[in-house]
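Peer 1: sequence plus predicted model, see below.
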Amino acid sequence: MGKRILVALGGNAILQPGQKGTSAEQVTNIDKTVKQLIDVVEKGYELVLTHGNGPQVGAILIQHEMAKEAIPAMPLDFCGAESQGLIGYMLCQSIRNECAGRGLKKEAVCIVTQVEVDPHDKAFRNPTKPVGPFYTQAEAEQNMAERGERWIEDAGRGWRKVVPSPEPKEIVEKEVIRALVDQGTVVIASGGGGIPVCRNDQGQLYGVEAVIDKDLAGERLALDVGADIFVILTDVSHAILHYNTPQQKPLKKVTLEEMKKYIEEGHFRAGSMGPKVRAALNFVKKGGGRAIIARLDQVIPALKGEVGTQIESTL
């Protein structure tokens, strides 16, 4: 087929609900996911991967908090970089093993990826993304007073720090990533939305305390590498209208204009399907061929157009 696709893996590709997050659990889940991805490679597609990292960064933050009396805790951008290496290692190893088992000559590499954001993005004035462990109200109030942080009560489970979630502006390593993809390498990049960085007046990069939505960063990366298809794999089979009501309806084949209308009508929640739909829409609107939202275990039929939400400029 010879088409280039970017696949954004949801968190269930690495860690399933109810699991503890052991290395063995994560490796098993990734091995299962990779088998389907290499089916895609065998069909002739050029593959670029990105992924979520929420549970992994959460675990790293808890480890840092528990050990802070012995070693200095690291900032969020460092934790994001650490998680990219951790998940990239597992994916690269699994891809190499699966390809070798099928007699495929295919290299895989993880790029620890920085994503530039605008320091004047409105998100920095209104942090909304919860990160890290839960604390008591007293502990949260102390952190707010001493560190100037923002904390919120999160669904009755305790208090959590919230950080900005700015829009991705540019993939810093995009030229390197594209060169590797052009050589036929499977590239894992921009994990967890990438490491958020800004530029100072001299053009130098510096990390910031923020979290970029992984699907929006995936859309930016898909355009940068010249992907023909942008695939968001998650734990549901479709984007859904009137979700969780008697009128709910799965979206199958949708035009750009139809999806714009559904977004304007407020069908997709900001904390769940909203960013996925917006990323898929942006990809097609900016010149990408087709965007797909589908279930993790249905990647091949989704590429055939048989399942999932399929978004194209015209049908």
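Peer 2: Yes, it's here. These numbers were taken from a predicted model, which means no experiment stands behind them.
Peer 1: C-terminal to the strand or helix carrying L37, what's the next element?
Peer 2: L37 is located in helix 23-42, with elements delineated by DSSP states H and E. Sequence-wise, the next helix or strand downstream of helix 23-42 (DSSP H and E) is strand 46-51.
Peer 1: now the element after the worst-scoring helix or strand of the chain on mean pLDDT, going C-ward?
Peer 2: When each helix and strand of the chain is scored by mean pLDDT, DSSP states H and E, strand 129-135 comes last, with a mean of 84. The C-terminal neighbour of strand 129-135 among helices and strands, as given by DSSP H and E, is helix 137-147.
Peer 1: pull out the buried positions in the helix or strand following that next one.
Peer 2: Scanning forward in sequence from helix 137-147 by DSSP H and E, the next helix or strand is strand 150-153. Neighbour counts over strand 150-153 (16 or more other C-beta atoms under 10 Å) mark W151 as buried. C-beta coordinates here come from the backbone N, C-alpha and C atoms, glycine included.
Peer 1: whichever helix or strand comes after strand 150-153: how far from the chain's middle?
Peer 2: Next helix or strand after strand 150-153 toward the C-terminus (DSSP H and E): strand 159-163. Remark: strand 159-163 is offset 20 Å from the chain centroid, using C-alpha atoms, centre = their mean, to the nearest Å.
Peer 1: when you give positions from now on, start the count at 9
Peer 2: Okay, using 9 as the starting number, the last item reads as strand 167-171.
Peer 1: picking that back up, from the chain's centroid, how far away is the helix holding L45?
Peer 2: 17 Å.
Peer 1: angle of it against strand 54-59?
Peer 2: Counting by axes from the mean of the first three to the mean of the last three C-alpha atoms, to 10 degrees, helix 31-50 lies at 150 degrees to strand 54-59.
Peer 1: list the buried residues of helix 31-50.
Peer 2: Buried, per 16+ other C-beta under 10 Å, within helix 31-50: Q34, N37, I38, D39, T41, V42, Q44, L45, I46, V48, V49.
Peer 1: what's the local residue count around the nearest residue to the second one once chain neighbours are set aside?
Peer 2: What it means is N37. Nearest non-adjacent residue to N37, counting by C-beta to C-beta, 6 or more residues apart in numbering: I22, 5.6 Å away. Counted by other C-beta atoms under 10 Å, the residues lying close to I22 total 25.
Peer 1: so what's I22 up against?
Peer 2: Q34, N37, I38, T41, H59, G60, P63, Q64, I95, M98 (C-beta atoms under 8 Å, 6 or more residues apart in numbering).
Peer 1: residues near E320, how many?
Peer 2: 17.
Peer 1: dihedrals phi and psi, it?
Peer 2: phi -130, psi 160 (degrees, to the nearest 10).
Peer 1: what's the separation between it and L14?
Peer 2: 16 Å (C-beta to C-beta, to the nearest Å).
Peer 1: please apply the same query to L84.
Peer 2: Taking C-beta to C-beta, one finds L84 at 25 Å from L14.
Peer 1: ok, these two, which is more surrounded?
Peer 2: L14 (30 against 21).
Peer 1: can you tell me the closest non-neighbouring residue to that one?
Peer 2: A230 (3.9 Å).
Peer 1: pLDDT score for the one you found?
Peer 2: With respect to pLDDT, A230 has a value of 97.
Peer 1: for the helix or strand hosting it, which outside residues touch it?
Peer 2: A230 belongs to helix 222-232 when assigned by DSSP H and E. Outside helix 222-232, the residues that touch it by C-beta under 8 Å, 6+ apart are 14, 16, 56, 58-61, 123, 175-176, 178-179, 182, 185-186, 197-202, 238, 240, 283-284, 286-288, 290-291, 294-296.
Peer 1: now that helix: how far from the chain's centre is it?
Peer 2: Taking C-alpha atoms, centre = their mean, one finds the center of helix 222-232 at 9 Å from the center of the full chain.
Peer 1: can you give me the helices for this structure?
Peer 2: Ranges of helices within the chain are 31-50, 62-74, 84-109, 145-155, 182-190, 222-232, 264-272, 281-293, 307-311, based on DSSP state H.
Peer 1: what about the second one, distance to the chain center?
Peer 2: Going back to what we said before, that points to helix 62-74. Distance of helix 62-74 from the chain centroid (C-alpha atoms, centre = their mean) equals 18 Å.
Peer 1: now that helix against strand 137-143, angle please.
Peer 2: 50 degrees.
Peer 1: the inter-axis angle of helix 62-74 versus strand 167-171?
Peer 2: 110 degrees.
Peer 1: counting by contacts, list what helix 62-74 packs against.
Peer 2: helix 84-109, strand 137-143 (3 or more C-beta pairs under 8 Å, 6 or more residues apart in numbering; DSSP states H and E).
Peer 1: which strand residues bridge the closest residue to L99 other than its chain neighbours?
Peer 2: Using C-beta to C-beta, 6+ apart and skipping the chain neighbours, the partner closest in space to L99 is I196 (5.1 Å). Here I196 shows beta-bridge partners L57, C118, assigned using DSSP bridges.
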